[in-house]
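[1] could you look at this predicted model? Sequence included:
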Amino acid sequence: MRSKNKVKKWILCLLAACLTACSSCAPETRFSNTPAMGTGLAPALTEVNAGSSSQAVTEEVEPTAETASSPTTSAASKATTGAGASAGATTSSSTTQAATAVQPAVTDAREFRGAWLTYMDLSFQGKTEAQFQAKIDEMYDALLDMGFNAVVAHVRPFADSYYPSQYFPFSKYLTGTQGKDPGYDPLEYMVSAAKKRGLEFHAWLNPFRVLAGSTDLNMLSKNHPARLWRTDQDTGNDEWAVNANGGIYLNPGIPEVQKLIIDGVREIVENYDVDGVHIDDYFYPTTDEAFDRKAYEAYQKKAGAGAMSLGDWRRANVSGLVAGIYRAVKQINSNVVFGVSPAANNLTNFEKLYADIKRWVSSKGYLDYIAPQCYFGFEYDYKTSLQAFDFVSLARYWSELVEEESVQLYYGLGIYKSGETDRNSNEWIEHTDIIARQVEHIRGIENASGFIVYSYRELTGSGKSLVQERENLVKLLR
């Protein structure tokens with residue numbers, strides 16, 4: 001059945017391509033992709049990663065308890081949650097209908113070969129515009145030479161921006177000072193330089209993370225939304241940005257926060273010729289009930305006896321944000337794709353990050369692609385009640401999880417582990433062809449469409465193990 005469906009999809013893509021060639025007004029056909037982790041996409045540590053979530057407020061929906069699925073049950077049989085629930089939201093099926101009415105992007109058949117460019121790769125303090133452009137050119141040329149065809153680049157790592165935004169301050173990684181105008185538009189050049197080389201460009205966002213390792217508001221620019229909310233005379237918005245895990249995060253349970261995030265996505269798709277929008281695994285930063293107690297209590301008061309549990313409500317908020325971003329992207333340009341790169345551990349996603357991944361890959365209206373961070377070797381010895389984490393078992397789990405045929409599957413691969421001990425295994429020390437073998441394995445999975453490597457820094461590293469790992473990978477890509 002899957003092979004027949006695959007032939008049908010190939011025929012549809014061929015017809016779409018023909019229509020595009022015959023009509024001058026037909027939109028450009030693009031292919032989808034990408035994800036991220038830890039540092040915006042930092043390396044995943046053993047079993048657990050961090051994440052992010054929210055919901056659209058333009059079409060508010062307060063999901064019911066039945067809409068919160070389990071990672072072990074089929075989301076296809078459950079009602080789809082549209083714009084997530086949050087304090088003061090109202091429940092209806094309108095959001096679901098609005099989300100699923102949007103058609104997925106048409107994708108081409110080539111293998112997606114992406115690389116994550118983190119904010120650490122894109123740190124330009126003290127650099128001139130010419131030096132910035134030269135560095136971007138150098139990175140893109142290096143990826144192109146290795147055989148990559150897409151970049152997933154940070155444009156909002158800390159509720160900031162790599163472009164002139166009406167919602168978020170300039171990133172400190174551009175000038176050394178958050179909010180300081182670099183005097184040019186970094187994203188404009190990043191996109192145009194990618195297009196010039198035939199590289200797909202996906203704008204990578206961390207929607208909720210504001211500060212990591214500090215709760216000092218003075219580290220934020222004076223016009224940062226989180227600082228404004230916490231320091232203005234309005235006490236009603238003090239909970240919109242919350243301290244958690246030694247940092248500051250936007251609150252997914254607040255409609256105004258979700259609207260801000262979605263508006264920030266809109267301005268990217270409206271103003272830049274990006275191929276995709278990408279978020280990683282930074283969803284809820286904690287399981288602590290105190291994190292969003294006020295927002296949840298406000299929701300309970302309005303929902304009454306039909307109120308969801310805290311966990312289901314949080315998952316509804318995250319699913320609502322994902323659907324809201326998807327809908328916003330498609331309303332502007334149906335050919336721009338939206339994807340998520342979740343942690344590989346789906347039990348962690350569901351229970352600790354409140355991300356209902358199974359729902360998103362089993363229904364229309366959420367994603368164009370999923371890119372799980374499968375940063376584990378073939379010998380990795382760890383299991384949960386849902387999954388085993390050796391690469392072959394993990395790849396199979398994610399392949400089987402993706403039920404919606406319009407959702408592309410890209411595997412996140414962690415070359416950063418090369419040369420290191422991993423859960424008492426020396427596999428990454430004794431072998432330097434792990435990433436190459438993983439790519440070969442992926443190519444044998446029927447519904448897999450490519451991969452994304454974390455990250456550029458390690459891909460171009462000079463360590464002996466990294467060099468050999470890269471050379472073995474490049475042999476497959478050239």
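    Looks like it arrived, so ask away.
[2] hey, where'd the strands end up in the stretch 151-300 of the chain?
    Here the stretch 151-300 of the chain has its strands, by DSSP state E, counting those that start in this stretch, at 200-205, 209-211, 241-244, 247-250, 276-279.
[3] can you lay out those as JSON lines showing distance to residue 336 and mean neighbour count?
    From N, CA and C alone the C-beta is placed, and that goes for glycine too. As requested, these are exported to JSON lines (distance: least, Cβ to Cβ, whole Å; neighbours: other Cβ atoms under 10 Å):
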{"stretch": "strand 200-205", "distance to residue 336": "9", "mean neighbour count": "27"}
{"stretch": "strand 209-211", "distance to residue 336": "23", "mean neighbour count": "23"}
{"stretch": "strand 241-244", "distance to residue 336": "28", "mean neighbour count": "22"}
{"stretch": "strand 247-250", "distance to residue 336": "23", "mean neighbour count": "25"}
{"stretch": "strand 276-279", "distance to residue 336": "6", "mean neighbour count": "28"}
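[4] so which of these is nearest residue 190?
    strand 200-205 (6.8 Å; Cβ to Cβ).
[5] show me the contact partners of that closest one.
    Identification of contacts with strand 200-205 by Cβ atoms under 8 Å, 6 or more residues apart in numbering yields 30-31, 33-34, 36, 40-41, 112, 114, 116-117, 149-156, 187, 190-191, 194-195, 264-265, 268, 272-280, 337, 339.
[6] just for the stretch 101-250 of the chain, where's the confidence low?
    Applying pLDDT under 70 to the stretch 101-250 of the chain flags residues 101-109.
[7] sorry, back to before: looking at the contacts of strand 200-205, which are in helices?
    Residues of the contacts of strand 200-205 located in helices (DSSP state H): 187, 190-191, 194-195, 264-265, 268.
[8] which single one of these is nearest to residue 292?
    Nearest to residue 292 among the ones in helices among the contacts of strand 200-205: residue 264, at 20.6 Å, using Cβ to Cβ.
[9] excluding its backbone neighbours, what's nearest the closest one?
    Spatial nearest neighbour of residue 264, chain neighbours left out: residue 167 (4.9 Å); criterion: Cβ to Cβ, 6 or more residues apart in numbering.
[10] for the one you found, give its distance to residue 260.
    Remark: distance between residue 167 and residue 260 (Cβ to Cβ, to the nearest Å) = 6 Å.
[11] same deal with residue 189?
    Taken as Cβ to Cβ, the span from residue 189 to residue 260 is 26 Å.
[12] cool, residue 227 as well?
    14 Å.
[13] so these two - more neighbours on which side?
    Set residue 227 next to residue 260 and count neighbours by other Cβ atoms under 10 Å: residue 227 wins out with 22 against 19.
[14] quick one, helices of the stretch 351-478 of the chain?
    Along the stretch 351-478 of the chain, the segments classed as helices by DSSP state H, counting those that start in this stretch run 357-360, 391-401, 427-430, 434-442, 456-459, 464-477.
[15] most packed of the ones you listed?
    Most buried of the helices of the stretch 351-478 of the chain by mean neighbour count (mean count of other Cβ atoms under 10 Å) is helix 357-360; its value is a mean of 26.
[16] avg pLDDT for that helix?
    Regarding helix 357-360, the rounded mean pLDDT is 98.
[17] and it, how far from the chain's centre?
    Helix 357-360 sits 14 Å away from the centroid of its parent chain (Cα atoms, centre = their mean, to the nearest Å).
[18] and it, what does it pack onto?
    Contacts defined by 3 or more Cβ pairs under 8 Å, 6 or more residues apart in numbering; DSSP states H and E place helix 357-360 against helix 310-332, helix 346-351.
[19] I'd like these as JSON lines, with distance to residue 402 and mean pLDDT appended.
    Putting these into JSON lines (distance: least, Cβ to Cβ, whole Å; pLDDT from 0 to 100) gives the following:
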{"stretch": "helix 310-332", "distance to residue 402": "15", "mean pLDDT": "98"}
{"stretch": "helix 346-351", "distance to residue 402": "12", "mean pLDDT": "98"}
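[20] what's the most buried one of those helices?
    helix 310-332 (a mean of 26).
[21] quick check: the gap between residue 378 and residue 441.
    9 Å.
[22] let me redo that: residue 138
    31 Å.
[23] and for residue 119?
    Residue 119 is 30 Å from residue 441, by Cβ to Cβ.
[24] one more: residue 256?
    Residue 256 is 45 Å from residue 441, by Cβ to Cβ.
[25] got it, and residue 186?
    Distance from residue 186 to residue 441, by Cβ to Cβ: 36 Å.
[26] could you do residue 276 as well?
    24 Å.
[27] ok, back up a step: dump the helices and strands packed on helix 357-360 to TSV, plus distance to residue 371.
    As requested, the helices and strands packed on helix 357-360 are arranged in TSV below (distance: least, Cβ to Cβ, whole Å):
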stretch	distance to residue 371
helix 310-332	14
helix 346-351	13
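[28] for residue 368, which of those helices is the nearest?
    helix 310-332 (7.7 Å).
[29] extract the C-alpha trace of that closest one and format it as CSV.
    Output in CSV follows, covering the C-alpha atoms of helix 310-332 (Å, rounded to 0.1, in the frame of the first residue of the first chain):
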residue,chain,number,x,y,z
LEU,A,310,-2.4,20.3,33.3
GLY,A,311,-0.5,18.0,31.0
ASP,A,312,-3.2,17.8,28.4
TRP,A,313,-3.7,21.6,28.5
ARG,A,314,0.0,22.2,28.0
ARG,A,315,0.1,19.7,25.1
ALA,A,316,-2.9,21.5,23.6
ASN,A,317,-1.0,24.8,23.8
VAL,A,318,2.0,23.4,22.0
SER,A,319,-0.1,21.7,19.3
GLY,A,320,-2.1,25.0,18.9
LEU,A,321,1.1,27.0,18.3
VAL,A,322,2.4,24.5,15.8
ALA,A,323,-0.9,24.5,13.9
GLY,A,324,-1.0,28.3,14.1
ILE,A,325,2.5,28.7,12.6
TYR,A,326,1.6,26.2,9.9
ARG,A,327,-1.5,28.1,9.0
ALA,A,328,0.2,31.5,9.1
VAL,A,329,2.9,30.3,6.7
LYS,A,330,0.5,28.8,4.3
GLN,A,331,-1.7,31.8,4.2
ILE,A,332,1.2,33.9,3.0
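[30] and residue 141, how many neighbours?
    Other residues within reach of residue 141, judged by other Cβ under 10 Å, total 12.
[31] tell me which element it falls in.
    Here residue 141, judged by DSSP states H and E, is contained in helix 129-146.
[32] could I get the buried residue list for that helix?
    132-133, 136, 139-140, 143, 146 (16 or more other Cβ atoms under 10 Å).
[33] just send these back as JSON lines, with distance to residue 457 too.
    Output for the buried residues of helix 129-146, formatted as JSON lines (distance: Cβ to Cβ, whole Å):
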{"residue": "132", "distance to residue 457": "17"}
{"residue": "133", "distance to residue 457": "19"}
{"residue": "136", "distance to residue 457": "15"}
{"residue": "139", "distance to residue 457": "10"}
{"residue": "140", "distance to residue 457": "15"}
{"residue": "143", "distance to residue 457": "12"}
{"residue": "146", "distance to residue 457": "14"}
